[in-house]
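> here is a sequence with its predicted model. Questions after.
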Amino acid sequence: MVEPELPWWRHVRWLWLSLMSFVALMLLIAYQTRWVYPEIHAYFSQSGNLTGQQLATRARDYLQQGLDLLLLEPDDAEIRQQAHFQIKLAYSLFDIGLYRREYDCTLPSLDAIDELLLRLEGDAPVTATHLRQSVLAPMRCLTRIEMHQLDRRSAVTAEFVDETRRHQGQVLAGSLVIFVLGLGFWLMHELQRRRAAKSAKESLEWMSRALRDPLTGVGNRSALHDDVVAKHGQQMGLLLVDIDYFKQYNDSLGHPDGDRLLRRLVELIQQAMEQRARLYRLGGDEFAVLFECQDDRSLDASCRNLVESLRAAALPHPSHPHATHVTFSVGAARFKADHAGYERGYAAADVALYEVKKKGRDGWQVAALDSREMAG
Ligand SMILES: Nc1nc2c(ncn2[C@@H]2O[C@H](COP(=O)(O)OP(=O)(O)OP(=O)(O)O)[C@@H](O)[C@H]2O)c(=O)[nH]1
């Protein structure tokens with residue numbers, strides 16, 4: 001028996017698990033993309049504003065430019081004005097809450113720059129000492145801020161890399177767990193399916209054996225009953241076939257030859273009745289033939305055909321009292337396939353068979369059932 005392929009929907013639970021693992025992965029990726037990365041990004045760039053190290057760098061650059069100008073021409077009015085502008089820019093970039101809060105050099109530096117700006121505005125002289133205190137000291141402070149901010153960035157970057165690695169590990173471990181669970185489930189399902197298929201196959205074999213005659217391979221009495229039930233309501237013909245003087249056949253040739261004759265007769269009856277009928281061995285040397293049959297005439301024709309086929313086969317019977325060949329007797333009846341109809345039809349065919357035996361065997365008789373009896 002070929003095991004049937006599983007329909008696609010039987011795999012749906014396996015698909016469902018795969019889908020779940022996919023969704024879990026997507027959620028993790030979405031979590032990283034939507035929350036983790038923007039958070040890190042925001043931390044680094046402060047949403048695009050110039051802060052942290054970047055402001056300090058720019059402030060230091062403006063101070064540097066101011067210093068360069070003042071070193072060039074400290075008394076020239078135009079140069080002083082340009083330097084004032086650069087230093088003012090530096091002051092505004094330096095003067096932020098973060099630096100004031102976190103770096104104690106910020107306030108003195110801002111005061112020193114402020115003082116230099118006043119000096120420039122008031123046309124007061126600017127000496128090397130002034131420049132050292134008001135420009136170089138704040139530049140040192142800004143350099144300190146810059147370096148500290150850079151160190152902080154590096155720490156955040158390292159933390160980010162660790163965090164990303166941890167997330168990737170979680171994603172990988174999660175996928176592996178889901179995959180292994182799915183595989184385990186599939187294996188269990190597969191084992192269960194195979195066990196079920198095996199036991200179904202065994203049951204079918206036992207059922208089929210229970211309905212079969214082991215000697216000839218045709219159905220037995222239970223199979224006949226099942227087939228009548230399956231044909232419920234239809235007009236059926238039933239032939240009961242019994243070998244004549246089979247005891248004498250066995251006695252003269254032995255049981256193995258008797259068995260061979262039974263098997264040969266099965267072939268012969270099947271050929272004579274062709275595809276339209278089913279054959280059963282009811283026990284000993286008695287067979288039954290069942291087929292759909294609408295009238296007594298075709299039932300009679302079937303009986304005639306069967307008896308003549310056996311005569312034509314001319315199977316030798318050395319101890320037949322009235323013939324040289326095997327003969328059989330056939331009793332036939334039509335019936336409607338339901339419980340009562342079958343019982344009546346079977347009894348009528350049996351009586352007809354008995355009549356044939358009584359009249360000398362090697363012949364057939366169709367039971368005369370009127371239409372009322374047929375209809376039940
Ligand atoms: N070889 C063989 N013989 C069997 C088997 N089953 C039953 N028989 C024999 O079939 C014979 C049936 O004998 P009877 O019932 O007297 O029937 P018969 O000799 O055909 O006599 P009539 O039917 O009256 O013509 C018995 O001798 C049984 O032993 C079987 O499986 N194999």
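Good, I have the coordinates.

> quick one: neighbours of Val351, just the number.
For Val351, the neighbour count with other CB atoms under 10 Å is 14. Any C-beta I mention is one placed from the backbone N, CA and C, and that applies to glycine too.

> could you check which helix or strand contains it?
helix 339-358 (DSSP states H and E).

> can you dump the C-alpha coordinates of stretch 228-244 into CSV?
In CSV, the C-alpha atoms belonging to stretch 228-244 read as follows (Å, rounded to 0.1, in the frame of the first residue of the first chain):
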residue,chain,number,x,y,z
VAL,A,228,-25.1,-6.3,0.4
VAL,A,229,-25.2,-3.5,3.0
ALA,A,230,-23.2,-1.3,0.6
LYS,A,231,-25.7,-1.9,-2.2
HIS,A,232,-28.6,-0.8,0.0
GLY,A,233,-31.9,-0.4,-1.8
GLN,A,234,-30.7,-1.8,-5.2
GLN,A,235,-32.1,-4.9,-7.0
MET,A,236,-29.6,-7.7,-6.6
GLY,A,237,-29.2,-11.2,-7.9
LEU,A,238,-27.8,-14.0,-5.7
LEU,A,239,-26.5,-17.3,-6.9
LEU,A,240,-25.7,-20.1,-4.4
VAL,A,241,-23.3,-22.6,-6.0
ASP,A,242,-22.6,-26.0,-4.5
ILE,A,243,-20.3,-28.6,-6.0
ASP,A,244,-21.9,-32.0,-6.5
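
> close to the ligand, is that stretch?
Yes - using CB under 6 Å from any ligand atom, stretch 228-244 comes into contact with the ligand via 242-244.

> filter these down to the ones in strands?
Under the assignment DSSP state E, the residues of stretch 228-244 next to the ligand contribute 242-243 to strands.

> between the residues of stretch 228-244 next to the ligand, which sits nearest the ligand?
Asp244 (4.2 Å; CB to the nearest ligand atom).

> show me the contacts for the residue lying closest to Pro316 once chain neighbours are set aside.
Computed as CB to CB, 6 or more residues apart in numbering, the closest residue to Pro316 that is not its neighbour in sequence is His325, at 6.2 Å. Counting by CB atoms under 8 Å, 6 or more residues apart in numbering, His325 makes contact with 311, 313-317.

> related to what we said a few turns ago, turn the residues of stretch 228-244 next to the ligand into TSV, including neighbour count and pLDDT.
As requested, those are exported to TSV (neighbours: other CB atoms under 10 Å; pLDDT from 0 to 100):
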residue	neighbour count	pLDDT
Asp242	20	98
Ile243	22	98
Asp244	22	97
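
> next, format the residues of stretch 228-244 next to the ligand as JSON lines and append distance to Leu183.
Shown next, in JSON lines, are those (distance: CB to CB, whole Å):
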{"residue": "Asp242", "distance to Leu183": "63"}
{"residue": "Ile243", "distance to Leu183": "63"}
{"residue": "Asp244", "distance to Leu183": "69"}
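
> so what's the residue of the chain found nearest the ligand closest to, chain neighbours aside?
Proximity of the chain to the ligand (CB to the nearest ligand atom) peaks at Gly258, 2.5 Å away. Using CB to CB, 6+ apart and skipping residues adjacent in sequence, the residue nearest Gly258 is Asn250, 4.2 Å away.

> tell me how far the nearest residue to Gly283 once chain neighbours are set aside lies from Gln235.
Nearest non-adjacent residue to Gly283, counting by CB to CB, 6+ apart: Arg221, 7.2 Å away. According to CB to CB, to the nearest Å, Arg221 and Gln235 sit 22 Å apart.

> picking up where we left off before, and the residue nearest to Pro316, its phi and psi?
phi -120, psi 160 (degrees, to the nearest 10).

> against His232, how distant is it?
As judged by CB to CB, His325 and His232 stand 40 Å apart.

> pretty sure Trp364 sits in a strand.
Yes - using DSSP: H, G, I helix; E, B strand; the rest coil, the assignment for Trp364 is a strand.

> and the helix holding Val351, what's buried?
For helix 339-358, a neighbour-count test (16 or more other CB atoms under 10 Å) marks 341-342, 344-346, 348-350, 352-353, 356-357 as buried.

> same question for stretch 198-217.
Buried, per 16+ other CB under 10 Å, within stretch 198-217: 211-213, 216.
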